[in-house]
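# Structure of the sequence below:
(chains A and B)
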Amino acid sequence: MLDYMFRRVIGAFLVMLAVATLVFFMLRLVPGDPIAAMLADAGSEEARAAMIKRLGFDKPVPVQFLKWFGGMLQGDLGNSIYGSNQPVTQILAESLPRTLSLAFLSFVIALIIAVPAGIISAAKKNTATDNAFSFFAFLGLSMPDFWLAILLIIVFAANLQWLPAIGYSPISEGLWPWFSHLILPSIAVGTGFSAIIARMIRSSMLEVLKADYMRFAASKGLSDSTLLLRHALPNALIPVITVIGIAFALLISGAVVVENVFAIKGLGRVLIQGILNRDYPVVQGAVLIVSAIFVFTNLLVDILYGLIDPRIRYS
Amino acid sequence: MSKFKDIEFRANQELKDAYDFDHKDPLFSLSKEEISGSKLSRRATLRLMAAAGGLTLAQVLPGLGPKVSLAAGHAGGHLRCAWAGVAEIITLDPARINQVLQFQIASNVLSGIMHIDNSLVAQGDLAESWDVSSNGLEYTITLRQGVTFHNGDKFNADDVLFTFNRSKDPEKSIHSRVIGNVNEAIKLNDHQVKFVLAKPQASFLTKALERASGRAMTIVSRGALASMGDSQYGLAPVGTGPYKVASHVLGQGVVLEKFENYYDPDRPKLDKITIKPVDGVEPLAAAMEAGDIDYIGGNPVPAQLVTRFKSNPDLAVDIKPGPGFQSVWLNPWRDYMRVDNFNKPIEELKKEKGFMVRLALAKALDRALFIKQGLFDNGVAAHGTINPAMGYYFDDSLSQSSEQAYDPEGAKALMAAAGYPGGKGFPEIKLIVTPNSKRLGLVVANIYKKVLGITVIVDPKDFSVGIEQFNKMDFDMRLGGSGGDYDPDDGIVDWMQTKSKFNGRARNKEIHPFGFFSSAEADAAIAQQSVTADPAERKKLVQEANAITSNKVACGFLYHPVDILVYNKKITVPTDARIPGLHELDRIHFT
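All right, here's what the predicted structure looks like:
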């Protein structure tokens, strides 16, 4: 197992390096002039020339790459070329806790809704309850998260004035300020994912419920809840965990629209702003982090398979 | 009734006196004694306001006394602001600032030598008094004494020189061009500096030394830059302004706190200000309506929210003319609207097919409809770069007299004469817009379809892509323009000269000898107005240049934005805090 994990970790780092290299060169192919974006309505030809030199854009692209790559291997992702030239590691370090907070709460909300909904739907297949859950699942899937976000803001922030409409408060400033700022965005993000996971649990459970060992368990006279939770659910979780793993990784970078609506500068927003500004080092750094999250989440999912299903062993 | 007539008579007399310039005096028609010293008299103030174009009868009428900062009201408190249409305040370092919404904040943290007032007239900020030589080439500035930076360092002439040298260096500042006319900055003593200009510059006080629009001489702290480094200083600059930066987290916002040792003991009024960037339209509205925020700054308030905010009894909406212009830029190197030489009399140009098309495209712009549909009635029709906020220099008659005044029949006739009757045979052309201005582009495209029968494809591009194509002259049409134009130089020098920085600066000069426009007579008038100190003479030159660019269709001028301020009624925003495009947060207070 340890040998397997070691090989996977090495593989993960190689994937990240490949992604970093690919992104570096692809960014240079994207049209758009970062210097013009930076100077906007200011700046002379001299200022432009000075900025090109200062940022090293006068050097050949391979030379720029080697400099950046060498720095990256030492943990230096460079500085943002935009504004005050903040170190990329600082920008990412500031945005990551916001994204993780949002992803974590969204994830919890998604599971709280999805797990019971999926189990009940499967247990009461083709009944009114199942249809109702299916209806709400499709509704959750169909609703764009930004639309739901705006709806939540109008109802809970503007009309009822129960929760703040925008912003983020770090957990260091108190649990309630942190939580109150994240409830609405987490519901907006989590609802869509809960629908996906609920549908996945339902179909997986239906498969398992047809299995011989379930009929055998039922013939022993076990209660419905024991049947469902002790025997069916663990067996149904393998495909679900794959989806959950991918969903969590997607939450890290995919909540950008909701982050924008709620004015939370998370990793997704950093990435989008970086792309809009052609802020190469920021985009490269953010993509590196996102790829790391994807790769390691997948690794974690693979390890979880083994824990959930003892039949799966890695060598 | 007779009392009002008396007031009106006195106001008219004052107005007449203000505009009664002595044309022999190049110093804004004021004597050296009047323009120098620590305070400006009411007469001098009114004359400067007239010279800068900000004086109208309405401004002279109320009470016939100079407007002063309101000291009354509830001091202290925490103001919560949203900065609209932006995801993060990327920098507050004046050397790097490239957006109006950034200097709206920085202007409350850092001081300039001068600062414009609500009439766009330059007043002393860190300058206690100033003296201008009779040839207009030397400006001797006496600095305020006893001023300290937020970190406790004393402010003196060395800081002015340090800022000057930093701003002059294009490697350190993107605004080196603003002080390009300064040959030398000399320290006379700890509290006096002298600027020696290469040639007289009418906008020297209002632009080069001004803390908001020019940014080059916004005084930075030597000590703080040395200890913090450029990067950290850009986030939380240390200045001598009324507020100090308590914290700044990129993308989450800026927290300002009252600077207790500010040189004016009456300001600032508020204890704390929180500024959050808010990019979305609905979240901005909801946060305002929920009472999460009290005041909106940053990019212009989205036009579609104005009526909604006006109907909310808790909110105040104040609209003033804004500084800037927006246009439909036309590429003269495209075959169907090609004009490779604008240096011909207008009647001769009108015989060329390419010019006919350009003129038709400008004449077809139904600005009233555009403002109604695109801006929900929040805008002013534009026919030149000079905006109504400049008052004195603004030429209202251009809307009637310009060749590009709206004339649908004339536009159709021109298109027919150019070989495109009813738009037949005219190619589909692309209008580059930013993703945020796509709707405005669609309104323009609809107008062209309706008036000329031509198809304009709206082509949203990220700003960095659109500006690159614009600079390379690789576009058909582009929707864009300028904001924060407080002096005529901001519009006509920056945009309308052959050598203007936006005039196809990245073009292939062998293929395109000029960018979107080049007129020798406009170049001459613009160059001359820049060095003309006499306001009346300068106004004449500015309006002449403006008319040339309008008549010869440097672009299809579309609209001037209005400055829309939205705030909760628990806030008082005094008249002297209403500088178009800026936010004088030190003057506002809770009611």
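
# Would you state the secondary structure element containing whatever residue of the stretch 201-315 of chain A ends up closest to chain B?
As assessed by C-beta to the nearest C-beta, chain B sits closest to residue A:265 within the stretch 201-315 of chain A, at 2.4 Å. (C-beta placed from N, C-alpha, C; glycine too.) For residue A:265, there is no enclosing helix or strand under DSSP states H and E.

# give the contact list for it.
Listed by C-beta atoms under 8 Å, 6 or more residues apart in numbering or on different chains, the contact set of residue A:265 reads A:94-95, A:98, A:168, A:259, B:87-88, B:249-252.

# Leaving out sequence neighbours, find the closest residue to it.
residue B:251 (2.4 Å; C-beta to C-beta, 6 or more residues apart in numbering or on different chains).

# How about residue B:384?
residue B:546 (4.0 Å).

# Can you tell me the SS state at the nearest residue to residue B:488 once chain neighbours are set aside?
Once flanking residues are discounted, residue B:488 sits nearest to residue B:542: 4.5 Å by C-beta to C-beta, 6+ apart. Under the three-state scheme (DSSP: H, G, I helix; E, B strand; the rest coil), residue B:542 adopts helix.

# what residues are up against residue B:542?
B:386, B:393, B:488, B:492, B:525, B:529.

# Could you say which helix or strand holds residue B:81?
strand B:78-84.

# Run the chain-centre distance for that strand.
Distance of strand B:78-84 from the chain centroid (C-alpha atoms, centre = their mean, to the nearest Å) equals 22 Å.

# re earlier: which among the contacts of residue A:265 count as buried?
A:94-95, A:98, A:168, A:259, B:87-88, B:249-252 (16 or more other C-beta atoms under 10 Å in any protein chain shown).

# Now flag whichever of these is closest to residue B:365.
Distances from residue B:365 to the buried ones among the contacts of residue A:265, taken as C-beta to C-beta, are shortest for residue B:87 (31.7 Å).

# and that closest one, helix, strand or coil?
Classified using three-state DSSP, residue B:87 is coil.

# what residues are up against it?
Contacts of residue B:87 (C-beta under 8 Å, 6+ apart): A:260, A:263, A:265, A:269, A:273, B:251, B:277, B:279.

# how far away is residue B:507 from chain A?
13 Å (C-beta to the nearest C-beta, to the nearest Å).

# What count of nearby residues applies to that residue?
19 (other C-beta atoms under 10 Å in any protein chain shown).

# same question, residue A:125
Applying other C-beta under 10 Å, we find 12 other residues in the vicinity of residue A:125.

# Not counting its neighbours along the chain, what's nearest it?
residue A:206 (6.5 Å).

# gap between that neighbour and residue A:194?
18 Å (C-beta to C-beta, to the nearest Å).

# Settle it for me: which of these two has more neighbours?
Ranked by neighbour count (other C-beta under 10 Å), residue A:206 and residue A:194 place residue A:194 first, with 27 against 16.

# isn't that one right up against residue A:114?
Yes - under the contact definition of C-beta atoms under 8 Å, residue A:194 touches residue A:114, with a separation of 4.3 Å.

# Out of the buried ones among the contacts of residue A:265, flag the one nearest to residue B:579.
residue B:88 (24.2 Å).

# Would you map the helices across the stretch 101-250 of chain A?
For the stretch 101-250 of chain A, the helices defined by DSSP state H, counting those that start in this stretch cover A:128-142, A:145-152, A:175-209, A:212-219, A:224-226, A:233-254.

# Buried by neighbour count: which residues of stretch A:177-186 qualify?
Buried, per 16+ other C-beta under 10 Å, within stretch A:177-186: A:177-178, A:181-186.

# Do that stretch and chain B come into contact?
No - taking C-beta under 8 Å from any C-beta of the partner chain as the criterion, stretch A:177-186 and chain B are apart, separated by no less than 10.3 Å.

# now that stretch, how far from the chain's geometric center?
17 Å.

# returning to what we had before: please report how far the residue of the stretch 201-315 of chain A closest to chain B lies from residue B:160.
Residue A:265 is 36 Å from residue B:160, by C-beta to C-beta.

# what do you get for residue B:372?
48 Å.

# what does residue B:442 give?
The value you get for residue B:442 to residue B:160, if C-beta to C-beta is used, is 49 Å.

# Could you do residue B:237 as well?
Counting by C-beta to C-beta, the gap from residue B:237 to residue B:160 is 16 Å.

# Which one of these two is surrounded by more residues?
residue B:237 (29 against 24).

# Can you give me the neighbour number for residue B:452?
24.

# my read: it touches residue B:362, true?
No - contact criterion C-beta under 8 Å: residue B:452 and residue B:362 do not qualify, at 11.2 Å.

# Could you point out which residue ranges in chain B have low pLDDT?
Scanning chain B for pLDDT under 70 picks out B:1-74, B:213-214.

# how does it look with 80?
For chain B, the stretches with pLDDT under 80 are B:1-75, B:119-120, B:212-214, B:484-485, B:533.

# go on, the stretch 1-150 of chain A?
A:1-2, A:4-5, A:31-48, A:51, A:54, A:83-84.

# Could you tell me how many residues sit around the closest residue to chain B within it?
In the stretch 1-150 of chain A, the residue that lies nearest chain B is residue A:84 (2.4 Å; C-beta to the nearest C-beta). Using other C-beta under 10 Å, residue A:84 has 25 other residues around it.

# Relative to residue A:90, how far out is it?
11 Å.

# what sits in contact with each of the two?
By C-beta under 8 Å, 6+ apart, no residue touches both residue A:84 and residue A:90.

# Quick one: residues contacting residue B:144.
B:124, B:126-128, B:155, B:191, B:263.

# Which two of those residues have the greatest separation?
B:124 and B:155 (13.9 Å).

# what pLDDT does residue A:185 get?
Per-residue pLDDT puts residue A:185 at 93.

# The one 3 residues further on now?
On the pLDDT scale, residue A:188 is placed at 92.
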